[in-house]
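S.K.: Sequence unavailable; structure follows:
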């Protein structure tokens, strides 16, 4: 399915980029991306994926919009308070870009339903606020052979990486999984929540936008993805650092002692 005249005009600034061009924009139009979490990270992520012309965006979130969200979740308005985030975010997408098909999933992903949900998408982007969801999604993407972009926030810091643990690196070793970085979740209560610790309002916009950029790179293939690299962002000093990490043969998901993928 080729681009319409309206789409050519809408995406003109992409199409003139040699690294994307018409073929890359067509890949974006054909792509199916699942966004897990429509909160601080999900809001800018959804906005830029829709603007970029991702053909189908699935939005998973079982929370509702509250007044305290509006300090950083800028796709919502005061009128959205009390609405399901997935529903309000889908409405935003349709208003911004009617060319995009958007699917609302007013539910929570867990270990029981994660594989069934990610199976229908090409790329998954994980921006939830809890470790249970992160592990469920990253494990499911390994088993379903899907790339997943992972983002996280602290009070004044953020991080970002891309996981393609179902593939091998140039040296023949498996790509690292999320569990190569963090084999197990921390004990409950060890990490304060956003409500307890706070978060700088503009920071999710930075990290979520970078997650959108990484997703667009995953779809179109330009540039060098953050596979085996963890991007760290410090808003107090405005420093960006990239740490490299590799496959851990002892990790419980894809290590030597891990159960065979099913």
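M.R.: In hand now; what should we look at? What you see is a predicted model, and the numbers here were worked out from it, not measured in a lab.
S.K.: shouldn't residue 212 be in contact with residue 44?
M.R.: Yes: if you go by Cβ atoms under 8 Å, residue 212 and residue 44 touch, sitting 6.8 Å apart. In short, each C-beta sits where N, CA and C put it, glycine included.
S.K.: Who has more neighbours out of those two?
M.R.: The residue with more neighbours, out of residue 212 and residue 44 and counting by other Cβ atoms under 10 Å, is residue 212; that gives 26 against 23.
S.K.: May I ask which helix or strand encompasses the residue nearest to that one when sequence neighbours are not counted?
M.R.: Taking Cβ to Cβ, 6 or more residues apart in numbering, and ignoring the residues beside it in sequence, residue 212 has residue 48 as its nearest neighbour in space, at 3.7 Å. Residue 48 is located in helix 42-52, with elements delineated by DSSP states H and E.
S.K.: Same question for the following helix or strand past that helix: list its buried residues.
M.R.: The element immediately downstream of helix 42-52 (helix or strand, assigned by DSSP H and E) is strand 56-60. Buried residues in strand 56-60, counting neighbours by 16 or more other Cβ atoms under 10 Å, are found at 56-60.
S.K.: Which of the helices and strands in the chain ranks last by mean pLDDT?
M.R.: Scoring the helices and strands of the chain by mean pLDDT, DSSP states H and E places helix 194-197 at the bottom, with a mean of 82.
S.K.: which stretches of the stretch 101-250 of the chain form helices?
M.R.: With DSSP state H, counting those that start in this stretch as the definition, the stretch 101-250 of the chain shows helices at residue ranges 114-118, 131-143, 178-181, 194-197, 203-220.
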